[in-house]
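J.: got a sequence here, can you model it:
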Amino acid sequence: MFKFGKLAPKPAPLKLRTFLTAPLPEPPREANLDAVGLADQNMFGNDRYGDCAIAGPGHETLFWERHNGRPPAPITDADILRMYSDVTGFDPNDPSTDQGSVVADVVKYRRTHGLVDSAGTVHKIAVGLGLAHSTLEVRQAISLFDVVGLGIQVPQSLMDTVQAGGDVWDVPDGGSEIIGGHYIAGIAYDRDYLYVISWGKVYRMTWAFFDTYADEQWVYLSAEDVNGQGVSPDGLDLAQLREDIAAL
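T.: Predicted coordinates for the structure are as follows:
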């Protein structure tokens, strides 16, 4: 069983392009392919509930940690569902409350409250920045920050592929009915595919699928970057970004 749960997008309050003082470097031809095997295999309840916009941050957090050589956090289904409840009012005992999430609301919660794992550790982002609907910006974001958050409209053809055990998401000939919205973590790319985590598995999304069905894109910055204590890409106006975050 596979669930979705991404509601209609709200505009990102802050966008990456706003804070660029110089063009970002041309992204490499491929990025993170050697790290695809670090993706976790958790469903995080998204086989039962429409919590994809919360499950995605769980996948992103674990990928960041493993990719950077840190022990993975003990993030459980219960942790994800608790955050789903905090963001939306979801009650597992009341099916009518399982209505999904607006990604922008989840991004705000990740910044202000964070995802709390089963050991009580809080995993926050400093900010989520909206990206343009651009293969260039998505590739730049993955190469510089490791992960992008993607919202898509799900065609029936995708579910047919997933339920048949396939792992390539492509644009079907003749179109396909849209059956819901979904949030996924993009962790790598090459010339042909964007590699994404969903439903406990890595799938390959063609760039044509991205162009056709993606309807929101996010990149997340760590607190260390925004505080000027870590490594950030050249050309990013961190001073202005700090001011704008404080005003949110």
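J.: make it CA atoms for all contacts and neighbour counts henceforth
T.: OK.
J.: low pLDDT regions in the chain?
T.: Residue ranges of the chain with pLDDT under 70: 224-225, 227-234.
J.: what are the boundaries of the helices in it?
T.: In the chain, the segments counted as helices under DSSP state H are 52-67, 77-88, 103-112, 135-145, 156-163, 207-213, 223-226, 238-246.
J.: burial of Gly174, as a residue count?
T.: 5 (other C-alpha atoms under 10 Å).
J.: please apply the same query to Asp160.
T.: Asp160, neighbours per other C-alpha under 10 Å, totals 11.
J.: for this structure, what's the longest strand?
T.: Among the segments of the chain that qualify as a strand by DSSP state E, the longest is strand 178-189.
J.: report all helices and strands that it contacts.
T.: Judged by 3 or more C-alpha pairs under 8 Å, 6 or more residues apart in numbering; DSSP states H and E, strand 178-189 is in contact with helix 52-67, helix 135-145, strand 148-155, strand 193-198.
J.: give me the number of residues near the nearest residue to Thr21 once chain neighbours are set aside?
T.: Excluding its sequence neighbours, the residue lying closest to Thr21 (C-alpha to C-alpha, 6 or more residues apart in numbering) is Gly235, at 4.8 Å. Per other C-alpha under 10 Å, the neighbour tally for Gly235 reads 13.
J.: roughly how far does Gly235 sit from Ser198?
T.: 32 Å (C-alpha to C-alpha, to the nearest Å).
J.: next one: Arg29
T.: From Arg29 to Ser198 the distance is 24 Å (C-alpha to C-alpha).
J.: cool, Val154 as well?
T.: For Val154 relative to Ser198 (C-alpha to C-alpha), the value is 12 Å.
J.: one more: Gln153?
T.: The value you get for Gln153 to Ser198, if C-alpha to C-alpha is used, is 14 Å.
J.: with neighbour numbers in mind, choose between those two.
T.: Neighbour comparison, Gln153 and Ser198: the larger count goes to Ser198, with 26 against 23 (by other C-alpha under 10 Å).
J.: so what's that one up against?
T.: By C-alpha atoms under 8 Å, 6 or more residues apart in numbering, the residues touching Ser198 are 43, 56, 184-185.
J.: and the most centrally placed residue in the chain, how far from Leu131?
T.: Central residue of the chain (C-alpha atoms, centre = their mean): Gly149, 2.3 Å from the mean position. For Gly149, the distance to Leu131 equals 10 Å [C-alpha to C-alpha].
J.: what do you get for Asp211?
T.: Between Asp211 and Leu131 the distance is 13 Å, computed by C-alpha to C-alpha.
J.: same check on Asp94?
T.: 35 Å.
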